[in-house]
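*Asks:* Could you work out the structure for the sequence below:
(2 chains)
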2 protein chains.
Amino acid sequence: MRTHFCGLVDEALIGQSVTLCGWADVARNLGGVCFIDLRDHEGIVQILAEPDQGEVFDVAAKVGYEYCLRVTGTVRARHAVNDRIRSGKVEVVATRIEILNAADTLPFYLHETPGEEARLTYRYLDLRRPEMQRMMRTRTRLVQALRHWLDARGFQDIETPILTKATPEGARDFLVPARMHEGEFYALPQSPQLFKQILMMAGFDRYYQIARCFRDEALRADRQLEFTQLDMEFAWVDEAEVQGTTEAMMRDVFAEVIGVALADPFPRMSWAEAMRRYGSDKPDLRIALELVDVAEAVRGCEFKVFTDAAEDPGGRVAALRIPGGATLSRKQIDEYAAHAAKFGAKGLAYAKLGEDGAVNSPIAKFFAEGDFATLLARAGAQQGDIVFFGAGEYGVVSAFMGALRLKAGKDFGLVENAWRPLWVTDFPMFEWDEEERRYVALHHPFTAPAVDDIADLKANARTAVSRGYDMVLNGNEIGGGSIRIHRSDMQSAVFELLGIGEEEARAKFGFLLDALRFGAPPHGGVAFGIDRIAALMAGTESIRDVIAFPKTTGAQCLMTGAPSPIPDAQLAEVHIRVREKAQDVAGES
Amino acid sequence: MRTHFCGLVDEALIGQSVTLCGWADVARNLGGVCFIDLRDHEGIVQILAEPDQGEVFDVAAKVGYEYCLRVTGTVRARHAVNDRIRSGKVEVVATRIEILNAADTLPFYLHETPGEEARLTYRYLDLRRPEMQRMMRTRTRLVQALRHWLDARGFQDIETPILTKATPEGARDFLVPARMHEGEFYALPQSPQLFKQILMMAGFDRYYQIARCFRDEALRADRQLEFTQLDMEFAWVDEAEVQGTTEAMMRDVFAEVIGVALADPFPRMSWAEAMRRYGSDKPDLRIALELVDVAEAVRGCEFKVFTDAAEDPGGRVAALRIPGGATLSRKQIDEYAAHAAKFGAKGLAYAKLGEDGAVNSPIAKFFAEGDFATLLARAGAQQGDIVFFGAGEYGVVSAFMGALRLKAGKDFGLVENAWRPLWVTDFPMFEWDEEERRYVALHHPFTAPAVDDIADLKANARTAVSRGYDMVLNGNEIGGGSIRIHRSDMQSAVFELLGIGEEEARAKFGFLLDALRFGAPPHGGVAFGIDRIAALMAGTESIRDVIAFPKTTGAQCLMTGAPSPIPDAQLAEVHIRVREKAQDVAGES
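*Replies:* Here you go, the predicted structure:
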């Protein structure tokens, strides 16, 4: 139907006849000549039809916005050169124009960025916008580069099921009623975790899959019900090999797709160090600011919030110095306090150091003469700075001070224009859930502990470190994984520590426990969030820009109208009914 | 953890020290020397430990079947050479053996082919069998070759949603209750058909996806609830380009993956010709037998079954000659009749021609002298043959005679050892459903008719031909597609012919009809069945051999136990309940 792509017509074709297909991006009649900007996925070229061309001109005069055309014509040099596009030095004088399809008036112009609702309702028009074409192509290139890298290195692409077993109490499972098994359900996988471990026990050596995963939870601003991960697993490995291989992959892929050189090797940082210095397990290293522990410097003061936290072994008193922050107004400081409150802060102390050396701080009065200066010095404060102080439970203080660090980085333009990856390692094996009086797994219950000895693990569970690791890029956790437990006795011990009884373990993970008894090899792996990595590469904040048909935060597809009601007769075929409201959850208790 | 793969250790490494990881395929103590066949995904190598090696020998003596080992040793030439394996000229004298994991007694030996139930229950052991490793690797290589071919040619890999809109009356839809939308449901896609068409309207030029599809129906012998297709769509194309591109892809991929040269070009055959000659819309061209229409030769006979069919414009009288078939016993002929009955035959007439020229046929008596000989001559019968005759409705006769052709091909060893692809084209646009008194679409309602004129289509709907096409290989429909309707008026006309009212069309496909109004380009595509193609390439009859975790024909995963019951409280969270049996379907009417 065509000889060339619109966007690729250039000087090399001058004098030649070409046939092009595309959309009329702009069509206008200027001084009796019809100009049409014809657009395809590669870009735009200018078509013109002159009055003396008879029928061609008549057809051109009828062309409207986003009409679908096939044009034959001769390429010639153009008077008014447009340097911004590849075809800008030429134009095509039409000898034939065929209207393949007309277009009604569009709900928005493609050159504008319409509102989110219009974009998602008319996604087929939104995606025609060159900016969306560019971002979607970045995603395609990312996935392609990853696959080619892995294919060249013996990784085997293996599909795992979408219709899987529901995990009892799997509160985030999507359920699918089974037609052939009355009253029973499949579930959509939250990840292929157990299947990929089983594949290693099944004798595959290196596995990968670009896998669709599902999580049925209230959507936060930038989450989707279904998401895509690059899922990988290796047999006979330790963490050095998994990390070394996958960071090499990321270096090559970032270089290929967006021409960016990532650090070689990626820095490693323990979870404890990341929390201490950055108040985050996914530190954004583009921001040079760091938290400083100042418990020692506040012990003698009369501010109980500080002294209580300083004396509590599980407490923390931390300072964050913001260079130039003394310019913050009372109102702006309140905004920082409100931001900290979202992350659990009960209050936010501060001290401003004027350019004249004057200290302005509501808490200075609690300190003996000189002690406050010592505290500020400990925090590294200089003239013109503001210092924020947080005190309380270690995790809470870290979280809100870490959040302030990010906000200050953005507000004060302190975010370096760079790509800063790192590995965060040595995560705690367990978190103690005070309410439930039991341990919960920080990664998942298949993550191996750093110690091999079961008695040692049991004796020191609270401080035990796991063999998990996260890949972090510019403050985003883009991947996470671990060396897995491959011994059945260790897996049972971890289940026990997590309060998962033998019967429950059998019901939930019986096949895994069985598989571990038949010569399971040491193995480990990682999963990377493709949506997020694609968004970072495309330079957009929203993963919806790199997903062809995303759902809203209200979990709806505005284009197709999913989800939708289903006639009761059809539900009967799969043995379910919609609950009457009166009989709802309360009725169950 | 290792320096080499077990299966790749060869003479080039003699004298060197290697470290290997794998499973003890065989471990035996012969004349005081321990021999271990160590196996990984690449194959086997022989390890030995001699008594004078002390600790190494002691460990080796403990090794059991399928123990997971790490072995360091020195490669040396072997006395008893095993030519069947790459490592057969060498062995490794162990200097260190580490038991990474022991194994309980396995439920079956990996060298046997266990029963289907055991294979699926202990899938992790079944997959360790070298035959399964080989077949699964064929699938991986197929998918990889397809992707690389498409990536090199500008096809863009784009993911479409798994949680989509249910089609009203979508009897085969899997339903997924929506947590955030009480009483509403998502559905899993039967294919990405509408999404890929929308992508063309959205300005993408060439799309592909290795897509998971779902069909909730009673499983036939070799179907799965979820299956994988290579889904493709092209903008600005006609059928010649789709067919030319995809058959070139298949030629390259078959050559690369299994070293087979497919015909260039593939033969094309109209649907009408395929039905006439082979009684099938997916003819197996490896079998030289053809159906012969003999209506003219039976008109004067007294066998009413024949004469009725011969006089009916919608009838057919067909003969199938099987060379050498006169050897069939009465019992064997009955088996053929029973086989034909499965495909709708009410009876099966036959004639045997003895080597002596004698004719043995229950229907000879209905023919005037000479007329039966004329009939047999028309069917091409020769001495020693059997000829089967079928008479009745055209489609039914074609179906059962086509089935007999396949059975005869197998029974008489007439299936050529070859790869015989073809395109079947010019399908009828509609089938007339006599019971419902309406047309149904033979492909799907988005397939373009061969005529562009709506009035023409409406006037000749019963004989209208579509722009659909199937790729057939050795009797398997491995792919199917069409040029789609891209004009909104034509789409409405086809919906109308199919008895889909405006309101219903709006409810089901409103977004498609909208998209067609905004400059939809001409487009078309195709989808290939990856599971079937992988099975053909791997040389297995069952697609379950090329799916890592398949379900049984009973729609269960024996390994994980899916599907399974779900506590009512969890169902309440997604606003559904299991129907009480008393209130079942009957209660709805």
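*Asks:* switch to C-alpha atoms for all contacts and neighbour counts from now on
*Replies:* Will do.
*Asks:* ok, longest strand in chain A?
*Replies:* strand A:17-30 (DSSP state E).
*Asks:* Just the CA atoms of that strand, as PDB, please.
*Replies:* As requested, the backbone C-alpha atoms of strand A:17-30 are provided in PDB (Å, rounded to 0.1, in the frame of the first residue of the first chain):
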ATOM      1  CA  SER A  17       7.800   9.100  -6.700                       C
ATOM      2  CA  VAL A  18       6.600   7.800  -3.300                       C
ATOM      3  CA  THR A  19       3.300   6.400  -2.000                       C
ATOM      4  CA  LEU A  20       2.600   7.200   1.700                       C
ATOM      5  CA  CYS A  21      -0.100   6.300   4.200                       C
ATOM      6  CA  GLY A  22      -1.000   8.300   7.200                       C
ATOM      7  CA  TRP A  23      -3.300  10.700   9.000                       C
ATOM      8  CA  ALA A  24      -3.900  14.400   8.100                       C
ATOM      9  CA  ASP A  25      -2.200  16.000  11.100                       C
ATOM     10  CA  VAL A  26      -3.000  19.400   9.700                       C
ATOM     11  CA  ALA A  27      -4.900  20.300   6.400                       C
ATOM     12  CA  ARG A  28      -5.100  23.900   5.300                       C
ATOM     13  CA  ASN A  29      -5.800  25.800   2.100                       C
ATOM     14  CA  LEU A  30      -3.300  28.700   1.800                       C
END
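*Asks:* Can you name the residues in contact with stretch A:139-148?
*Replies:* With contact meaning CA atoms under 8 Å, 6 or more residues apart in numbering or on different chains, stretch A:139-148 is reached by A:249, A:253, A:256-257, A:530, A:534-535, A:538, A:546, B:148, B:151, B:156-158.
*Asks:* what bits of chain A have low per-residue confidence?
*Replies:* A:168-170, A:219, A:221, A:582-589 (pLDDT under 70).
*Asks:* tell me the angle of the biggest helix by length in it relative to helix B:130-151?
*Replies:* Identified as the longest helix of chain A according to DSSP state H is helix A:130-151. If you take axes from the mean of the first three to the mean of the last three CA atoms, to 10 degrees, helix A:130-151 sits at 150 degrees to helix B:130-151.
*Asks:* how distant is helix A:130-151 from the center of its chain?
*Replies:* In terms of CA atoms, centre = their mean, to the nearest Å, the centre of helix A:130-151 is set 16 Å apart from its chain centre.
*Asks:* Show the subsequent helix or strand relative to it.
*Replies:* strand A:156-157 (DSSP states H and E).
*Asks:* Contacts for the very next helix or strand once past that next one, please.
*Replies:* Toward the C-terminus, strand A:156-157 is succeeded by strand A:175-177 as the next helix or strand (DSSP H and E). The contact list for strand A:175-177 (CA under 8 Å, 6+ apart) reads A:163, A:166, A:183-188, A:574-576, B:174-177.
*Asks:* Now do the helix or strand following the longest strand of chain A against strand A:17-30, angle only.
*Replies:* Once strand A:17-30 ends, the next helix or strand along the chain (criterion: DSSP H and E) is strand A:33-40. Angle of strand A:33-40 versus strand A:17-30, following the same axes, to 10 degrees, is 130 degrees.
*Asks:* what's the next secondary structure element after strand A:33-40?
*Replies:* strand A:43-49.
*Asks:* buried residues in that next one?
*Replies:* Neighbour counts using 16 or more other CA atoms under 10 Å in any protein chain shown place A:43, A:44, A:45, A:46, A:47, A:48, A:49 of strand A:43-49 among the buried residues.
*Asks:* what's the angle from the next helix or strand along the chain from that strand to strand A:33-40?
*Replies:* Following strand A:43-49 in sequence order, the next helix or strand is helix A:55-62 (DSSP H and E). Calculated by the same axes, to 10 degrees, helix A:55-62 forms an angle of 70 degrees with strand A:33-40.
*Asks:* Now do helix A:55-62: everything it contacts.
*Replies:* A:29, A:34, A:36, A:49, A:50, A:51, A:94, A:95, A:96, A:97, A:98, A:99.
*Asks:* re the thing from before, what is the nearest of the buried residues of strand A:43-49 to chain B?
*Replies:* Minimum distance to chain B across the buried residues of strand A:43-49 is 10.8 Å, recorded for residue A:43 (CA to the nearest CA).
*Asks:* Contacts only, for the closest one.
*Replies:* A:6, A:7, A:8, A:85, A:130.
*Asks:* what's the closest of those to chain B?
*Replies:* So of the contacts of residue A:43, ranked by how close each gets to chain B (CA to the nearest CA), first place is residue A:130, at 9.2 Å.
*Asks:* Pull the most distant pair out of the contacts of residue A:43.
*Replies:* Distance extremes for those: the farthest pair is A:8 and A:130 at 14.7 Å, using CA to CA.
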